[in-house]
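[1] okay, here's the prediction I keep looking at, along with the sequence it came from:
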Amino acid sequence: MKTYIFKISLLRSPKITREIEVLENISLYKLAEVIIDSYNFDFDHCFGFFSKIQENQYFDSEKKYELFTDLIEEGENLEPTGAESVKKTKAKDVWSNVGDKMMFLFDYGDSWQFIVELKSFGSKDISKKYPLVLNKTGKASRQY
């Protein structure tokens, strides 16, 4: 099984980065949880992944995956966004090539925007427990 090594950076503070390694079949939901945990945030808001990186254009993304889609499928009375599921979609279904990027938007109110870039592929090491935070650069902002 392959691993994916991602560089995560805050859109507004690109020097605050995290490098994480995950298994290729990780769901976007779990990937979001790993990202948020690596910045020491509480995983307590809705989120989405968007192919358009521009700050005010991400909702027009060709490819988008949002927790709202899963909540609707679970019976929540929400307006559909046209996005795909974060719980059913795997990282390997979104990132194909080194250099591929997505915007990860966490907390639609406070609008924490991260760039998730595929840096490289690796091979699963049975002696390691994934996901792994490989590197932290810069002090994370306070969530609240």
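    Okay, I see it.
[2] what number of residues lie near Glu76?
    9 (other Cβ atoms under 10 Å). From N, CA and C alone the C-beta is placed, and that goes for glycine too.
[3] next SSE downstream of the least confident helix or strand in the chain by mean pLDDT?
    Lowest on mean pLDDT, DSSP states H and E among the helices and strands of the chain sits helix 67-73, with a mean of 92. Note on helix 67-73: by DSSP states H and E, the next helix or strand toward the C-terminus is strand 101-106.
[4] in the helix or strand hosting Phe121, what's buried?
    In this assignment (DSSP H and E), Phe121 forms part of strand 112-123. Residues of strand 112-123 classed as buried: Trp112, Gln113, Phe114, Ile115, Val116, Glu117, Leu118, Lys119, Gly122 (neighbour count, 16 or more other Cβ atoms under 10 Å).
[5] thought the third one was touching Lys7?
    To tie it back to what came earlier, the one meant is Phe114. No. Checked against Cβ atoms under 8 Å, the pair Phe114 and Lys7 is beyond contact range at 10.2 Å.
[6] contact partners for Asp70?
    Tyr29, Ser85, Val86, Lys87, Lys88 (Cβ atoms under 8 Å, 6 or more residues apart in numbering).
[7] at 6 Å what do you get?
    Asp70 sits next to Ser85, Lys87 when contact means Cβ atoms under 6 Å, 6 or more residues apart in numbering.
[8] tell me the SS of the residue lying closest to Leu132 once chain neighbours are set aside?
    Here the nearest residue to Leu132 in space, its sequence neighbours aside, is Glu21; by Cβ to Cβ, 6 or more residues apart in numbering that works out to 4.5 Å. At Glu21 the chain is in strand, as set by DSSP: H, G, I helix; E, B strand; the rest coil.
[9] so what's Thr17 bridging to?
    Assessed by DSSP bridges, Thr17 has beta-bridge partners Ser9, Thr137.
[10] my read is that it contacts Lys136, right?
    No. Contact between Thr17 and Lys136 fails when scored by Cβ atoms under 6 Å: they sit 7.6 Å apart.
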